[in-house]
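> predicted model, plus sequence, below.
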Amino acid sequence: MKKALSVFLSVLMLLSVCLAAQADAVTLKVWDGQDDQEILKELCEAYAAAHPENTYTFEYGVVGTADASARYLEDPAAAADVFVYPDDQLIRLVQADALYEVTRNHDEIVAANSQGSVNAASWQGTLYGYPETSDNGYFLFYDKSVLTEEDVKTLDGILAAAEKAGKKFNFDVANGWYIASFFIGNGCEITLDENGNQVCDFNNEKGLAAAEAVQAMCNHPAFLPGDQNILTGTIGENVCAGVCGTWVADAVKERLGDNYAACKLPTFTCGGEQVQMGSFGGCKILGVNTQSANPVEAMQLAEFLTCEASQLRRFEVRGYGPSNNAVAAGEAVAADPALAALAAQSEYAITQLIIGDFWTPATAFGNELIANEQNDLQTLLDQWVAQTVAQ
């Protein structure tokens with residue numbers, strides 16, 4: 001019996017040696033930000049362990065999402081096989097022929113992820129990446145010792161309660177990312193046409209009504225302009241609410257403690273009616289380099305790095321909001337106030353498709369309203385749109 005077992009084990013060892021000898025050596029270069037290197041390495045090693053048919057060597061590069069397209073375009077042939085990029089860089093990368101279309105397991109990937117993240121990773125009906133997160137959006141943080149759940153349903157309610165308490169509502173009105181929420185909510189559009197040209201109608205009748213609502217907010221005594229540093233530095237003191245994203249959640253929670261709360265953006269008075277604020281919804285996406293020497297293996301890795309288990313692990317380790325439907329529906333994510341608020345707001349969010357100079361004139365427009373100058377709003381909107389759509 002012992003001799004038979006010994007022979008059997010010897011055969012197994014010989015077989016494993018033969019299989020190892022037959023395994024292909026595959027080298028894949030992978031980029032991600034500095035803070036995500038540890039989780040990236042963990043997941044890549046897990047992928048290699050799950051695929052013993054190849055011998056994998058991973059070369060890790062520190063390239064954050066903000067720098068992805070710029071670094072790729074410096075030298076596409078030397079760029080990573082798999083790299084993470086934000087959805088607002090998709091068009092630039094597609095135009096540079098940088099990204100493989102997602103063809104392997106396409107339907108399964110689409111079904112597994114939120115519609116918003118799939119839209120963000122697509123251009124003209126073609127999926128060019130693997131959704132990794134869906135948490136680059138904004139919502140309302142508030143101090144529940146000052147504001148009630150009823151107060152935060154409307155902008156009017158927030159401002160009134162803040163004024164009564166001697167507090168302020170912070171909104172970065174000089175930032176186009178945030179101020180667009182009024183225009184998107186009232187049915188305006190900023191998108192790209194079929195030829196990739198910027199289209200913006202913020203200066204139409206609906207846009208003018210939205211601008212009047214922004215002006216009314218800016219003129220309210222409880223309004224406080226300024227960027228996220230105002231929110232994270234003063235909420236719980238003179239500020240009782242503000243609009244920002246998940247990246248400030250820990251700082252806000254630390255300041256508010258048991259009074260920490262978050263929810264979707266409020267409605268606002270526009271043309272005598274209550275209109276839900278819209279927003280931009282953003283995602284991180286994994287792309288596969290069209291110049292990869294191992295495109296099939298790169299696609300398989302990208303799919304693994306964005307699968308349900310990997311997104312759950314990213315949430316556990318980094319607190320990232322998942323694009324995967326199953327993870328997003330889990331109890332752990334639902335129990336996170338910031339991610340729950342972001343999920344509620346996502347129903348009113350649009351994909352950010354901007355290539356024109358939208359941001360600079362948006363800042364100028366916001367600053368005009370902050371200054372409370374008696375300028376003609378229609379003229380200001382016309383100037384903003386003209387600069388945005390200029391190619």
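That came through fine.
> quick one: average confidence on the helix or strand harbouring Leu301?
Leu301 is part of helix 295-305 when elements are defined by DSSP states H and E. Averaging pLDDT along helix 295-305 yields 98.
> show me how far that helix is from its chain's centre.
Its chain's C-alpha centre lies 22 Å from the corresponding centre of helix 295-305 when counted by CA atoms, centre = their mean, to the nearest Å.
> what sits up against that helix?
Contacts of helix 295-305 from elsewhere in the structure, counted by CB atoms under 8 Å, 6 or more residues apart in numbering, are 26, 28, 30, 40, 43-44, 46-47, 50-51, 54, 56, 81-82, 100, 102, 104-105, 109, 129-130, 132, 286-289, 292, 310. The way it works is simple: take the backbone N, C-alpha and C, and place the C-beta from them, glycine included.
> buried sites along it?
Residues of helix 295-305 classed as buried under the neighbour-count rule (16 or more other CB atoms under 10 Å) are Glu297, Ala298, Met299, Gln300, Leu301, Ala302, Glu303, Phe304, Leu305.
> what about dumping the CA coordinates of it to CSV?
The C-alpha trace of helix 295-305 is given here as CSV (Å, rounded to 0.1, in the frame of the first residue of the first chain):
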residue,chain,number,x,y,z
PRO,A,295,-3.9,41.3,-24.7
VAL,A,296,-5.9,38.2,-23.7
GLU,A,297,-4.1,37.8,-20.4
ALA,A,298,-4.4,41.6,-19.8
MET,A,299,-8.1,41.4,-20.4
GLN,A,300,-8.5,38.5,-18.1
LEU,A,301,-6.5,40.3,-15.4
ALA,A,302,-8.6,43.5,-15.8
GLU,A,303,-11.8,41.5,-15.5
PHE,A,304,-10.5,39.8,-12.3
LEU,A,305,-9.4,43.1,-10.7
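> distance to Gly278 added to the buried residues of helix 295-305, as JSON lines?
Rendered in JSON lines, the data for those read as follows (distance: CB to CB, whole Å):
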{"residue": "Glu297", "distance to Gly278": "40"}
{"residue": "Ala298", "distance to Gly278": "36"}
{"residue": "Met299", "distance to Gly278": "34"}
{"residue": "Gln300", "distance to Gly278": "37"}
{"residue": "Leu301", "distance to Gly278": "35"}
{"residue": "Ala302", "distance to Gly278": "31"}
{"residue": "Glu303", "distance to Gly278": "31"}
{"residue": "Phe304", "distance to Gly278": "34"}
{"residue": "Leu305", "distance to Gly278": "31"}
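> send the alpha carbons of the helix or strand containing Thr232 over as CSV?
Using DSSP H and E, Thr232 falls within helix 228-234. Extracted in CSV, the C-alpha atoms of helix 228-234 (Å, rounded to 0.1, in the frame of the first residue of the first chain):
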residue,chain,number,x,y,z
GLN,A,228,-14.0,71.5,0.6
ASN,A,229,-11.6,73.0,3.1
ILE,A,230,-14.4,75.2,4.4
LEU,A,231,-16.5,72.1,4.9
THR,A,232,-13.9,69.9,6.6
GLY,A,233,-12.5,72.8,8.7
THR,A,234,-15.7,74.3,10.0
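> let me know the next secondary structure element after the helix holding Leu301.
Next along the chain from helix 295-305, counting by DSSP H and E, comes helix 308-318.
> packing partners of that following helix?
Packed against helix 308-318, as judged by 3 or more CB pairs under 8 Å, 6 or more residues apart in numbering; DSSP states H and E, are the following elements: helix 37-50, helix 325-328, helix 331-334.
> what lies in contact with the last one?
Translated: helix 331-334. Defining contact as CB under 8 Å, 6+ apart, one finds that helix 331-334 is touched by Phe315, Glu316, Gly321, Pro322, Val327, Leu339, Ala340, Ala343.
> and for the second one?
Residues from elsewhere that reach helix 325-328 (CB under 8 Å, 6+ apart): Ala112, Asn113, Ser114, Ser134, Glu308, Gln311, Leu312, Phe315, Gly321, Pro322, Val333, Ala343.
> any idea how far the closest residue to the fourth one other than its chain neighbours is from Ser310?
The shortest distance from Ser134 to any non-neighbouring residue, by CB to CB, 6 or more residues apart in numbering, is to Ser323 (3.8 Å). Ser323 sits 11 Å away from Ser310, going by CB to CB, to the nearest Å.
> hang on, the earlier thing: between helix 37-50 and the helix holding Leu301, find me the angle.
Direction vectors for helix 295-305 and helix 37-50, defined by axes from the mean of the first three to the mean of the last three CA atoms, to 10 degrees, enclose an angle of 120 degrees.
> where does the protein have low pLDDT?
Low-confidence segments of the chain, defined by pLDDT under 70, are located at 1-23, 374, 391.
> closest to Gln387 out of the helices and strands packed on helix 308-318?
Minimum separation from Gln387 across these (CB to CB) falls at helix 325-328, 37.0 Å.
> how far does the closest one sit from the chain's center?
For helix 325-328, the gap between its own C-alpha mean and the chain's C-alpha mean amounts to 16 Å (CA atoms, centre = their mean).
> buried set for that helix?
Within helix 325-328, the residues scored as buried using 16+ other CB under 10 Å are Asn325, Val327, Ala328.
> so Arg92 lies in a helix, does it not?
Yes: following the definition DSSP: H, G, I helix; E, B strand; the rest coil, Arg92 is counted among the residues of a helix.
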